[in-house]
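Asker: quick one: sequence and predicted model below, then my questions.
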Amino acid sequence: MIPTFFGIVVICFALTRLLPGGPVEEYLAKRKGIGGGESSKSSSSKQGDISPEELKKIQEYYGYDKPIYVAFYQWLWVERMGMKSSSLRYTNKTVFESIVEKMPVSLIFGLTGFFVNLPHLYTAWNFKGIKRRCSI
């Protein structure tokens with residue numbers, strides 16, 4: 001069980017670091033006016049390219065300048081798998097706060113779907129039981 005959990009955690013970390021469209025690329029796209037949202041309409045987005053110093057500062061902020069093992073430790077223990085980091089969409093909230101805010105709606109939909117399907121499941125179980133008892 002622990003090796004499976006560790007493997008899933010490593011895969012999630014690798015995906016956040018290796019796939020395109022991470023926080024650095026999103027910031028650069030918004031800065032160049034390519035991305036959507038309110039920040040792409042600001043006057044700073046019309047500047048185009050950014051300086052190498054500013055790119056280095058952005059990479060340092062998101063931890064892309066550190067060795068992979070240091071970045072993994074920080075992501076896993078300090079940021080709690082990214083839950084303590086700031087949200088890319090809602091910059092005044094952490095990722096965990098955004099998840100907790102949406103949790104009641106998810107629970108309502110999940111429990112409603114479960115209870116709506118419960119009679120169908122009960123009927124299917126009984127039909128299967130009746131079919132086994134009958135000899136044709």
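Answerer: Great, that's in hand.

Asker: tell me which stretches of this protein form helices.
Answerer: Applying DSSP state H to the chain gives helices spanning 2-18, 23-32, 52-62, 68-73, 95-133.

Asker: C-alpha coordinates for the shortest one, PDB please?
Answerer: Read that as helix 68-73. Written as PDB, here are the backbone C-alpha positions of helix 68-73 (Å, rounded to 0.1, in the frame of the first residue of the first chain):
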ATOM      1  CA  ILE A  68      14.600  17.900  -8.400                       C
ATOM      2  CA  TYR A  69      15.000  16.200  -5.000                       C
ATOM      3  CA  VAL A  70      14.800  19.500  -3.100                       C
ATOM      4  CA  ALA A  71      11.800  20.600  -5.200                       C
ATOM      5  CA  PHE A  72      10.100  17.200  -4.400                       C
ATOM      6  CA  TYR A  73      10.700  17.500  -0.700                       C
END
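
Asker: that helix: how far from the chain's middle?
Answerer: Distance of helix 68-73 from its chain centroid, counting by C-alpha atoms, centre = their mean, to the nearest Å, is 19 Å.

Asker: now swap in the second one and tell me
Answerer: Centre-to-centre, helix 23-32 and its host chain are 18 Å apart (C-alpha atoms, centre = their mean).

Asker: can I get that helix in PDB, CA atoms only?
Answerer: Extracted in PDB, the C-alpha atoms of helix 23-32 (Å, rounded to 0.1, in the frame of the first residue of the first chain):
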ATOM      1  CA  PRO A  23       2.700  28.100 -13.600                       C
ATOM      2  CA  VAL A  24       5.700  29.700 -15.300                       C
ATOM      3  CA  GLU A  25       4.400  29.200 -18.800                       C
ATOM      4  CA  GLU A  26       0.900  30.400 -17.700                       C
ATOM      5  CA  TYR A  27       2.400  33.500 -16.200                       C
ATOM      6  CA  LEU A  28       4.500  34.200 -19.300                       C
ATOM      7  CA  ALA A  29       1.400  33.700 -21.600                       C
ATOM      8  CA  LYS A  30      -0.600  36.100 -19.500                       C
ATOM      9  CA  ARG A  31       2.200  38.600 -19.600                       C
ATOM     10  CA  LYS A  32       2.400  38.400 -23.400                       C
END
